[in-house]
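Undergrad: Here is the input, now give the coordinates:
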Amino acid sequence: MTPSRNGQVAERTYDRTWDEIEQMLTNAEAKRKQWKDWFEDCKNSEDREGMKEAARNHKALDGVIKTLRWALGEVGVSDPLQ
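TA: The predicted structure is shown next:
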């Protein structure tokens, strides 16, 4: 078990399948595209707040996607923390 951020112990089951992780990657990539499309829509309508939200969520999903690719051992994917 590994300590979590709040100091309590995080229990891990390690029961995800590779297929589940692959599906999560597919879902994250689709969601990232939705945020990019929304950013463009907001840009066209000059909605700066919407653009900021879309950009933040798009960038967050970049990290999720890189981490999932790293966990799957994808060739060429470096440390997701860098």
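Undergrad: low-scoring pLDDT stretches of the chain, where are they?
TA: 1-5 (pLDDT under 70).
Undergrad: May I ask you to name the longest helix in it?
TA: Ranked by residue count, the top helix of the chain under DSSP state H comes out as helix 18-44.
Undergrad: Buried residues in that helix, which are they?
TA: 24, 25, 28, 31, 32, 35, 38, 39, 42 (16 or more other C-beta atoms under 10 Å). No exception for glycine: its C-beta is placed from N, CA and C like everyone else's.
Undergrad: Take the residues you listed and lay them out in JSON lines including distance to residue 70.
TA: Formatted as JSON lines, the buried residues of helix 18-44 follow (distance: C-beta to C-beta, whole Å):
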{"residue": "24", "distance to residue 70": "13"}
{"residue": "25", "distance to residue 70": "11"}
{"residue": "28", "distance to residue 70": "13"}
{"residue": "31", "distance to residue 70": "18"}
{"residue": "32", "distance to residue 70": "16"}
{"residue": "35", "distance to residue 70": "21"}
{"residue": "38", "distance to residue 70": "26"}
{"residue": "39", "distance to residue 70": "25"}
{"residue": "42", "distance to residue 70": "30"}
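Undergrad: between those residues, which is nearest residue 78?
TA: Ranked by distance to residue 78 (C-beta to C-beta), the buried residues of helix 18-44 are led by residue 25 at 16.6 Å.
Undergrad: thinking that closest one is in contact with residue 72, fair?
TA: Yes: contact criterion C-beta atoms under 8 Å: residue 25 and residue 72 qualify, at 7.1 Å.
Undergrad: re the thing from before, off-centre distance for the longest helix of the chain?
TA: On the basis of C-alpha atoms, centre = their mean, to the nearest Å, helix 18-44 sits 9 Å off its chain's mean C-alpha point.
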